[in-house]
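Undergrad: whatever this is, show me its structure:
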Amino acid sequence: MDGNRTTATIPTTGTLSRRLGALAAAAPAAPAIEHVAGGRIARLDRAALLRRAARLAAGLRAVRPGPGADPPVVPIVLRHDPDLVPLFVAGLLAGVRPCVLAWPTPRLDRGRWAESFRRLLEAVEAPLVVTRGDLASVVDSAAPTGARAIDVADLLAATDDLRSRRHEIAAGGLLDGMDDVEAALDPTAVAFLQFSSGTTGTPKGLGLSHRAVLEQVAAYARAIDLGPGDRVVSWLPLYHDMGLVAATLLPLLAGVPVTMLDPMEWVARPALLLEHVARSRATLCWQPNFAFEFLARAVPREAGVPDL
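TA: Below you'll find the model as predicted:
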């Protein structure tokens, strides 16, 4: 380790949303996410991420079913979307259990995807699925009875009452505006669900608590000496555990900015990853082994890509 580096210290008490709120309160304008799509870059600083999440959380609370024995699981099915991370955080703020699921890419057999998707929703008894645009009809046609698709735009429209606007403004003041929500959250309770890939059988869901995730990312940050000088670039989808935990939650909870690329754009043009690593001066990039091999084959050294 570099003796001059400062390693991020991630508290292992409290909740994931409390940690994000504390980071935003400490440095509201610090960069959090760059969303890259179609050659354009949309940026969210820490405060903007939390404000967007608070508005979406108000929408989730407005449309979620009445209280039950356990918080409902709310799957998120989106393509590469600038609201994906804010929606995930919104689920934490709304007191539901968010779960990012794969969307039906052109390479997937639509029938097999629909059958797997239906089984997953039945297993977690999901009352609704958050999606966007044309995916809503696809989700509705595959969802079991009792589950319905809701568009991100409808969540935002559901916040057009005074109480929701007050909550959003309060969350703009960051930590204070989340106290009522945080008071009801148990750090040892399940924060979100993560499903296995399903390559060896039916995908299996794992409930991860706030405390377990904080302890994992805190240990991970120490192990790799993650600090304020780092930056992450990733094309990994968030329904993949490496994409969600290592390449997204770890840096966000450590206060390290993340550049998120469209997985489909990366597949079509692998050099995109190297270009954004060079542009953002990134220090970390997670990929499975096959992706490194694909990158080495697809991007020859003489192709004019940055020399990293």
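Undergrad: state the pLDDT value of the spatially most central residue of the chain.
TA: Centroid-nearest residue in the chain, with C-alpha atoms, centre = their mean: Val85, separated by 3.7 Å. With respect to pLDDT, Val85 scores 98.
Undergrad: can you give me the neighbour number for the closest residue to it other than its chain neighbours?
TA: Nearest residue to Val85, sequence neighbours excluded (C-beta to C-beta, 6 or more residues apart in numbering): Ile33, at 5.9 Å. To be clear about C-beta, it is placed using only N, CA and C from the backbone, and glycine gets the same treatment. Residues contacting Ile33 under the criterion other C-beta atoms under 10 Å number 22.
Undergrad: so Ile33, which of the three states?
TA: The three-state label given to Ile33 by DSSP: H, G, I helix; E, B strand; the rest coil is strand.
Undergrad: so who does it touch?
TA: Counting by C-beta atoms under 8 Å, 6 or more residues apart in numbering, Ile33 makes contact with Arg43, Leu44, Leu49, Val85, Leu252, Pro257, Val258, Thr259, Met260.
Undergrad: can you give me the pLDDT of it?
TA: Model confidence at Ile33, expressed as pLDDT, equals 98.
Undergrad: same question, Pro251
TA: The per-residue pLDDT reported for Pro251 equals 97.
Undergrad: Ala271 versus that one, what's the distance?
TA: With distances defined as C-beta to C-beta, to the nearest Å, the gap from Pro251 to Ala271 amounts to 23 Å.
Undergrad: all strands for the stretch 51-200 of the chain, in order.
TA: 73-76, 97-100, 128-131, 148-151, 190-195 (DSSP state E, counting those that start in this stretch).
Undergrad: among those, which is nearest Gly38?
TA: Proximity to Gly38, assessed across the strands of the stretch 51-200 of the chain by C-beta to C-beta, is greatest for strand 128-131 (20.0 Å).
Undergrad: what mean pLDDT does that closest one have?
TA: Averaging the model's pLDDT scores along strand 128-131 yields 95.
Undergrad: off-centre distance for it?
TA: When distances are taken as C-alpha atoms, centre = their mean, to the nearest Å, strand 128-131 is centred 15 Å away from the chain's centroid.
Undergrad: which strands and helices sit next to that strand?
TA: strand 73-76, strand 148-151, helix 152-157 (3 or more C-beta pairs under 8 Å, 6 or more residues apart in numbering; DSSP states H and E).
Undergrad: now the helices for the protein?
TA: Remark: helices of the chain, listed N- to C-terminal, are 16-26, 46-63, 84-94, 110-124, 135-142, 152-157, 162-172, 179-182, 210-224, 241, 250-254, 263-268, 271-280, 289-298; assignment by DSSP state H.
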